[in-house]
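Undergrad: Sequence first, predicted coordinates after that:
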Protein chains: 2
Amino acid sequence: MIAGVSPTPTDPIEKDRSRKRSTINDIARLANVSKKTVSRVINESPFVKEETRLRVNAIIREVGFEPDPQARGLAFRRSFLIGMIYDNPTPQYVVNMQQGILDAMRGTSYGLLVHPCERTSPTYLSDLRGFIERQKLFGVILTPSISEDERMVKMLREFECHYVRIASVMLDKPSTMVVTHDADGAAEAAHYLAELGHERIAHISGPPSFRSAHERRRGFREALAQRGVKLRPSFDREGNYTFDSGIAAARELLALKPRPTAIFAGNDEMAAGVYKVAHELGIDIPRQLSVIGFDDSATALRLWPVLTSVRLPVREMGKLATDKLFGRQAKKKPAEPELSEVIPKLIIRESTAAPSE
Amino acid sequence: MIAGVSPTPTDPIEKDRSRKRSTINDIARLANVSKKTVSRVINESPFVKEETRLRVNAIIREVGFEPDPQARGLAFRRSFLIGMIYDNPTPQYVVNMQQGILDAMRGTSYGLLVHPCERTSPTYLSDLRGFIERQKLFGVILTPSISEDERMVKMLREFECHYVRIASVMLDKPSTMVVTHDADGAAEAAHYLAELGHERIAHISGPPSFRSAHERRRGFREALAQRGVKLRPSFDREGNYTFDSGIAAARELLALKPRPTAIFAGNDEMAAGVYKVAHELGIDIPRQLSVIGFDDSATALRLWPVLTSVRLPVREMGKLATDKLFGRQAKKKPAEPELSEVIPKLIIRESTAAPSE
DNA sequence: CTGAAAGCGCTTACAG
DNA sequence: CTGAAAGCGCTTACAG
């Protein structure tokens, strides 16, 4: 229709025009349709003639047009932003989770907004409410322990904000859950230690405010019981998933007589604390003490000897959760519930051996 | 003006209204001014009568009104989003940096969008261009080594996107820089080792693609030279800031005869690699080998013995950079250049001692 | 299957 | 110091 629109290098006006992003109006004009039709193509409406759709799409690609998420968001009354809300203290976990979410977002026009928070802060809920309401989030990914807070979830429903909860057990409708079955991973650790011949086995659990702490402890205890090994009260210590709490618990545990020959820590950070105390006391790992962690974080490989740990595929969990948020379900028989599950796996390294005594 | 507007618990209509966010129009109506005036108050325009401003602000607070960032962004042709663009491989660094940026953003209506990337990817620059153009970012924080890429910066200028570069040396106008002076930190490490009496001192540097790798090496070499100690070529190894590269370099270094009595690693990750090899070879740290890292990350405390390391206040750097992006300068004599600087500091722990031989 | 009008919640450009 | 009109780039609601 319009002749000679291709920019020439000597044409300063055309240069300026090309710097400006093209809009839905430009596309409509070039395709000779209304902007509403372009909008329909963008939003993949089925009510567009095949031929029209192809023509519009061709022009969109040619011009390199991308709709403005802010404008779309304003009209949709909902932004193209995903929030990651977390209070997990482990950087490795946070970064892996972010990576997984971004994996699923690649190629979309969505952005990832991060929002760390502290459940103990008095403004925790109101901060979060402000964040979600202000940003008009499309949806959020909730990781433990935030994912276990029903007040949080109630608020999200109020704002009609989509969400997916990552947690160690089923807490909600299957379509909103990624379940990590921490108890099964802990059970694997228990069976392995029992098979090695350990009987004086200790556990350092996470804080009661994390559901995973209960699950890991329960899975461990129950599997031990199956093997006829009892987790004695003095060998059953509470930590809070931090390195320091692992040190404190290990000091108590290793002062006991007789002391445990194996310790299963609720996560790798606390296992690192056990290592520190063992080194201080001159206790050899694994000859005199077997240690197992949980998470299989980067730390596991940096410890000496390398740590046996239960691996959770954190990055994949983030991707799974985000696919779910976008309504992209893994292909299954449609009859099956749309639950997503993840199975932890014991990675055996050099911190575990048969007891020497 | 309007009587009885306070909602009563039994009034379902009022309840419904209260669920809907109020807009600039509601405030204008309640304050008996035009929405343009409300807009002026929001944007802190000086051209509003004191009395009007107070009245409008009172109503804004009363109603709990917050302007919609998407709508503002559309009108401003610029979003209320800050991007953090990074390719740093250390999770601890990434999380600390994010925390620092969020510290500075607290109380604002801005959001933090994360964008990890790989400089080696063929789509690196075009991905980034898409990200910045699509999201119409208010500004970005660039961390090493992305912050050292002039093509990246050129692109940002093209889009008139504000930016602050965090880097180990001055690369740009002072108003856009947070300089970390890595060379000074490395020099401290050198002086300390020389003082302890070491002469066979080795260095494992980061990858040449990171400016900090050069700076740390340079600072270390020069300070050593001042003390009359030469960094021999066989003791001068290149790594790439990863744990594995630290292992590889340490294997070579510790096979040398005579081997070094001290190793300064370009970061803690590589120092962790040195520990692993030393343990394997039965070399005692610090009696037979002193080790110093850089970053003072969480890993430094989890290693045994605890690692002497050069600390960079990463979280503060993030806050500093973001304050700068917002034009919030530290108060100084206005004549002084608006450069932000950070001085690394050697944290002495238990991985360093006088050489035994 | 397609389009003209009105609107999302703000701001810019202009006028007074 | 204040406001009415037009516009940012899209979509909804309606009509045909």
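TA: Received the coordinates, thanks.
Undergrad: per-residue confidence at the residue nearest to residue A:304 when sequence neighbours are not counted?
TA: Spatial nearest neighbour of residue A:304, excluding adjacent residues (CB to CB, 6 or more residues apart in numbering or on different chains): residue B:279 at 4.6 Å. In this view, the C-beta of every residue, glycine as well, is placed from N, C-alpha and C. pLDDT recorded at residue B:279 is 96.
Undergrad: and residue A:64, how many residues sit next to it?
TA: 11 (other CB atoms under 10 Å in any protein chain shown).
Undergrad: give me every residue that touches the spatially closest residue to it that is not a sequence neighbour.
TA: Leaving out its chain neighbours, the residue that sits closest to residue A:64 by CB to CB, 6+ apart is residue A:22, at 7.7 Å. Neighbouring residues of residue A:22 by CB atoms under 8 Å, 6 or more residues apart in numbering or on different chains: A:63, A:64, A:65.
Undergrad: Redo the residues you listed as a markdown table? Include secondary structure and pLDDT.
TA: Shown next, in a markdown table, are the contacts of residue A:22 (DSSP: H, G, I helix; E, B strand; the rest coil; pLDDT from 0 to 100):
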| residue | secondary structure | pLDDT |
| --- | --- | --- |
| A:63 | helix | 89 |
| A:64 | coil | 89 |
| A:65 | coil | 91 |
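Undergrad: and which of those residues is nearest to DNA strand C?
TA: Ranked by distance to DNA strand C (CB to the nearest atom of the strand), the contacts of residue A:22 are led by residue A:65 at 16.4 Å.
Undergrad: do you know how far the residue of the stretch 251-357 of chain A found nearest DNA strand D is from residue A:338?
TA: Among the residues of the stretch 251-357 of chain A, residue A:327 lies closest to DNA strand D, at 15.7 Å counting by CB to the nearest atom of the strand. Applying CB to CB, to the nearest Å, the value for residue A:327 to residue A:338 is 10 Å.
Undergrad: Residue A:216 against residue A:182, yeah?
TA: Yes - counting by CB atoms under 8 Å, residue A:182 is a contact partner of residue A:216 at 5.0 Å.
Undergrad: what residues do those two have in common as contacts?
TA: A:168, A:294.
Undergrad: Domain map for chain A?
TA: Here the domain assignment for chain A is A:12-67, A:75-179, A:182-312, based on automatic domain parsing.
Undergrad: Other residues contacting the helix or strand harbouring residue A:70?
TA: Take DSSP states H and E as the rule and residue A:70 turns out to sit in helix A:69-76. With CB under 8 Å, 6+ apart as the test, helix A:69-76 has contacts from A:79-81, A:109-111, A:136, B:68, B:70-71, B:73-74, B:79, B:134-136.
Undergrad: what stretches of the stretch 151-300 of chain A score poorly on pLDDT?
TA: By pLDDT under 70, the stretch 151-300 of chain A has no low-scoring segment.
Undergrad: What are the boundaries of the strands in it?
TA: Under the criterion DSSP state E, counting those that start in this stretch, strands of the stretch 151-300 of chain A are mapped to A:162-167, A:177-179, A:201-205, A:236-238, A:262-265, A:290-295.
Undergrad: now the fifth one: how far from the chain's centre is it?
TA: Pointing back at strand A:262-265 there. When C-alpha coordinates are averaged (CA atoms, centre = their mean, to the nearest Å), strand A:262-265 and its chain have centres 25 Å apart.
Undergrad: in that strand, what counts as buried?
TA: Using 16 or more other CB atoms under 10 Å in any protein chain shown as the burial criterion, the residues of strand A:262-265 that qualify are A:262, A:263, A:264, A:265.
Undergrad: Please tell me how far the third one sits from chain B.
TA: Using CB to the nearest CB, to the nearest Å, one obtains 18 Å as the distance from residue A:264 to chain B.
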